[in-house]
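1. Okay, sequence plus prediction incoming.
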Amino acid sequence: MRQVVCISTTNYYPIPTRKQNVMNRLSDAEIIYIDPPVTWIAPLKDKNCKERLTKWKQPGEKVQDNVTVYAAPPVLPFFNKFRWINKINQKRQAAFIRKKMKDHGFEKPYVWCYSPTSCDAVDLIPKQGLIYDCVDRHSAYKGMINPAVVDKQEEDLARKADYVFCTAEGLRETLEQYNDNVSMIPNGAAYEIFSQVAEGEDKPVDPEKPVFGFVGMLQECIDYDCIEALAKKYPDGEVRLIGRTLPGVDLTHLEQYPNVKFCGLVPQKELPAKIKEFDVCLNVFREGRLSKDVSPLKFYEYLATGKPVVSTREPLQVADFADVVHVASGLEEFMAKCEEALHETEPTRSEKAKKRMEYGRQCSWDERVKQMETILKDKGIFK
């Protein structure tokens, strides 16, 4: 059985992202999953982080027979501004990982990284292979970072990796400058979960009282002008936003609309029932460096439901599905596409729904992970 250490950028709970979906599906593998650390000053901004300062001292949690999750020890802040701080942090992180490896009997595992900061840890971890799975343009995020420092960390990690996966074409163009072994594998969907939306009868669409729905993090790169325009045009309808509002994102201008519903986080197993109530699924990103290179899970999950989807032109991957997705450029066209999606009629609606679901099946996490494993085996990295 392969031994894998996953150094993640997302806590295993509560939101399933690419990291959990990939690790849960790797075949013939025992996996140590390392939740990302908090900084020592994190509780000053978020009191909920306080308990995470000591969680690393607790035993790991076995979330599957082959997956054990550990919280990483806290780190010094400003590691994305100053490389010397990151080196101090990663030396401690590597020591923690080596201890967990010893506890599990790991000698030379595969190290699977998601953060550029790991560039200063991987040389300190015995391993037989290094995989970097790049899911974002990390240097485009706001906050206490120096983009040049983050980009250099990523360059160093990519150069050290035996193989690099990425989720978007723009990321591949960058990473191919540092490594000849790069493949773009976009995000996917838990098809077995989201295809449940198509079961049973849909409620009739009332174009005067439509339900538009968005699932995902409410972050800065979302185009909230689209949300507001829908709220104004359809006062008797609803725009439902399912997801957590990230710190620093001010949505008070949307709170004035009684038909904009902030639903908060919803457990994945409950999402099919929520999405079934949507008439149209929304994938709305504001143009920008970050939006161009994201690969939103929500988009592939929408496809798996068969529901009509209206999307902005970013991220660029949506263009591959323009035959079944209503893709808009600009606010005026977005509103027209929403109207068009509401009036998908039989048999067109049925035919498009089936094709959307087929795309969703092809983009399932099962298929994505099979692609990854096949590449790693063909390259001789997975023995």
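-> Alright, I've got the coordinates.
2. pretty sure residue 46 contacts residue 247?
-> Yes. Between residue 46 and residue 247 a contact is recorded at 7.3 Å, counting by Cβ atoms under 8 Å. For the C-beta atoms, the positions are set from N, CA and C on the backbone; glycine is no exception.
3. What are the buried residues along stretch 150-163?
-> 150-151, 153-158, 160-163 (16 or more other Cβ atoms under 10 Å).
4. Who are the contact partners of residue 245?
-> With contact set as Cβ atoms under 8 Å, 6 or more residues apart in numbering, residue 245 has these partners: 218, 251, 262.
5. residue contacts, the second one?
-> I take that to be residue 251. Shown in contact with residue 251 (Cβ under 8 Å, 6+ apart): 218, 224, 245, 262.
6. got it, and the first one?
-> Shown in contact with residue 218 (Cβ under 8 Å, 6+ apart): 241, 243-246, 249, 251.
7. In these, which residue is surrounded by the most others?
-> The most crowded member of those, judged by other Cβ atoms under 10 Å, is residue 241 (22 neighbours).
8. quick one: the host helix or strand of that residue to chain centroid distance?
-> According to DSSP states H and E, residue 241 maps onto strand 238-242. Relative to its parent chain, strand 238-242 has a centroid offset of 20 Å by Cα atoms, centre = their mean, to the nearest Å.
9. May I have that strand exported as PDB, CA atoms only?
-> Extracted as PDB, the C-alpha positions of strand 238-242 are listed here (Å, rounded to 0.1, in the frame of the first residue of the first chain):
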ATOM      1  CA  GLU A 238     -35.400  34.900  -4.800                       C
ATOM      2  CA  VAL A 239     -31.700  34.800  -5.100                       C
ATOM      3  CA  ARG A 240     -30.400  32.200  -2.600                       C
ATOM      4  CA  LEU A 241     -26.700  32.300  -1.600                       C
ATOM      5  CA  ILE A 242     -25.400  29.200   0.000                       C
END
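10. That strand: partners in the sheet, and parallel or antiparallel?
-> Here strand 238-242 has these sheet partners by DSSP bridges: strand 211-215 (parallel), strand 260-264 (parallel).
11. Max pairwise distance over the buried residues of stretch 150-163: which two?
-> The span of those, defined through Cβ to Cβ, is set by 150 and 162 at 22.0 Å.
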